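J.: Sequence below, structure please.
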Amino acid sequence: MAPLTYTLTARCVAEVIGTFILVFFGCGSVHAAVLMGAHSGLWQVAIVWGVAIMLSIYIIGGVSGSHINPAITLTLAMWGRFSWHGVVPYIISQMAGAIIAAGVLITLFSHPLEQREKDRGVTRGGPGSEITAMCYGEYFPDPGGVSNNKNLHTSSEVESELQEGRNAFAKSTAMFAEVVGTMLLALVVFAVTDPRNEGAPPAGLAPVFIGLTVAVLISVLAPLTQACFNPARDVGPRIVAYFAGWNEIAIPGPRGFLEVYVAAPIIGALLGGGLYERILRPLFYRPGAHGNNA
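T.: Residues are numbered from 1 along each chain as shown. Model prediction:
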């Protein structure tokens, strides 16, 4: 990650900007897909998230390292790649960037949100209204299919469909998906940014591989959990949704969110960082390997 040559204030401002970019483009693509049918498949949404991450890293990576994710910030600190002194300011900055981006999106998409609720007979904050709240916070299983089902016209029909999905998908499975996804993301982040990893891409291409990793993970896991891997990406927009009228549908949500979208990504990132630092990275330091006797 970037050398800490900038003031903490400058790095925090960069994290606000980077997380804004991530959430604005990423959640913006979810709005466009769910509310307006702008994308023809999951991969189109996934690649927007991936490009958003690439852009964020290229724009602010030289200043703050472009963590843009509390789980990554905590993991970098845990494994000695980041100072604990900066952890709380970074997380606050990431939350701020996500909140600002969600506020901009809810202004831009206010009419499509209201139209979807009207079409499905749902009252914002009432049963079934996660079909629009999903554009901000995340839910499991992904309610996008219910939101786009034109055969549903009342809140009771919508809620019945959502409940059927909930009954078939356990919270423990959702947590496992988020742990595995974030573990793989952290593993890639640690591997492609380690200068002693001879298999890593050139430094200028690391953001591309990180972004593509996120895109691939979304294409696999989004139908299950909407693919979070980032507590700021979920909690920041969820706060905006709460105050925009979704109330308890946003926080705490029909099934809660802390375990799946906050705890699980943090656990997964710590495991991924540990897998690299304790199992893979020592292989690069074997005595005599690659002429390195350290």
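
J.: For this protein, just list every one of the helices.
T.: Using DSSP state H, the helices of the chain run over residues 8-36, 42-64, 70-78, 87-108, 110-120, 130-133, 144-147, 155-168, 171-192, 206-225, 231-241, 264-274.

J.: The ones you listed into CSV, with extra columns for distance to Gly253, mean neighbour count and mean pLDDT?
T.: Using the backbone N, CA and C atoms, a C-beta is placed for each residue, glycine as well. Listed next are these as CSV, based on distance: least, CB to CB, whole Å; neighbours: other CB atoms under 10 Å; pLDDT from 0 to 100:
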stretch, distance to Gly253, mean neighbour count, mean pLDDT
helix 8-36, 16, 22, 97
helix 42-64, 21, 21, 96
helix 70-78, 19, 25, 98
helix 87-108, 15, 20, 98
helix 110-120, 17, 16, 97
helix 130-133, 7, 28, 97
helix 144-147, 15, 20, 95
helix 155-168, 11, 16, 96
helix 171-192, 11, 22, 97
helix 206-225, 12, 20, 97
helix 231-241, 8, 26, 98
helix 264-274, 14, 24, 98
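
J.: can you list those in CSV and add distance to Leu283?
T.: Conversion of the helices of the chain to CSV gives the following (distance: least, CB to CB, whole Å):
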stretch, distance to Leu283
helix 8-36, 31
helix 42-64, 26
helix 70-78, 20
helix 87-108, 28
helix 110-120, 50
helix 130-133, 45
helix 144-147, 41
helix 155-168, 42
helix 171-192, 11
helix 206-225, 19
helix 231-241, 31
helix 264-274, 15
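
J.: Which among the ones you listed is found nearest to Ile251?
T.: Nearest of the helices of the chain to Ile251, taken as CB to CB: helix 231-241 at 5.9 Å.

J.: which other residues reach stretch 164-179?
T.: 140-141, 143, 146, 221, 224-225, 228-229, 254-256, 259-261, 263-265, 267-268, 271 (CB atoms under 8 Å, 6 or more residues apart in numbering).

J.: Just tell me which of the helices of the chain ends up closest to Ala250.
T.: That would be helix 231-241 among these, by CB to CB, at 3.9 Å.

J.: on contacts alone, who are the packing partners of the closest one?
T.: The contact analysis (3 or more CB pairs under 8 Å, 6 or more residues apart in numbering; DSSP states H and E) places helix 231-241 against helix 8-36, helix 70-78, helix 87-108.

J.: Can I get that helix in CSV, CA atoms only?
T.: Provided in CSV are the C-alpha atoms of helix 231-241 (Å, rounded to 0.1, in the frame of the first residue of the first chain):
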residue,chain,number,x,y,z
PRO,A,231,-19.2,-2.9,6.0
ALA,A,232,-19.0,0.7,4.9
ARG,A,233,-20.6,-0.1,1.6
ASP,A,234,-23.6,-1.6,3.4
VAL,A,235,-23.9,0.4,6.6
GLY,A,236,-23.5,3.9,5.1
PRO,A,237,-26.2,3.6,2.5
ARG,A,238,-28.4,1.7,5.0
ILE,A,239,-28.2,4.7,7.4
VAL,A,240,-29.4,6.9,4.5
ALA,A,241,-32.2,4.5,3.7
